[in-house]
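A.B. asks: Fold the following.
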Amino acid sequence: MAEVRAEMVANVWKILVAEGDSIAEGDALVILESMKMEIPVLAEDEGVISQLKVAEGDVIQEGDLIAVIE
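C.D. replies: Numbering: from 1, shown residues only. Got it, this is the predicted structure:
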């Protein structure tokens, strides 16, 4: 199991995966927006998205849980 956490305060601009999706290392999971920049959040492990903890439009803080990969 791997947890994907936010590295900065940002808005969740777009969600690219859903719970149950199989992903590979390096796949973009969500795109964050901060200071008019789009920042992709990439998977550091392959597996299946077991939990998605954010929604488009959410404001997240550094360290917030974005997703869980199993």
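
A.B. asks: neighbouring contacts of the helix or strand harbouring residue 30?
C.D. replies: Per DSSP states H and E, residue 30 falls inside strand 28-34. For strand 28-34, the external contacting residues (C-beta atoms under 8 Å, 6 or more residues apart in numbering) are 4, 6, 8-17, 23, 38-43, 49, 54, 60, 66-67. Every C-beta, even on glycine, is put in place using the N, C-alpha and C of the backbone.

A.B. asks: How about stretch 7-21?
C.D. replies: 23, 27-34, 38-39, 41, 48-52, 54-62, 67.

A.B. asks: What is the end-to-end distance of that stretch?
C.D. replies: Across stretch 7-21, the terminal residues are separated by 23 Å (C-alpha to C-alpha, to the nearest Å).

A.B. asks: Residue 12: neighbouring residues, count only.
C.D. replies: Using other C-beta atoms under 10 Å, residue 12 is surrounded by 20 other residues.

A.B. asks: For it, give the beta-bridge partners.
C.D. replies: residue 32 (DSSP bridges).

A.B. asks: Need the per-residue pLDDT for it.
C.D. replies: Residue 12 is assigned a pLDDT of 98 by the prediction.

A.B. asks: What segments of the chain are strands?
C.D. replies: Using DSSP state E, the strands assigned to the chain run over residues 2-5, 10-15, 22-23, 28-34, 37-42, 47-52, 59-60, 65-69.

A.B. asks: buried ones in the fifth one?
C.D. replies: Looking back up the chat, that one is strand 37-42. 39, 41 (16 or more other C-beta atoms under 10 Å).
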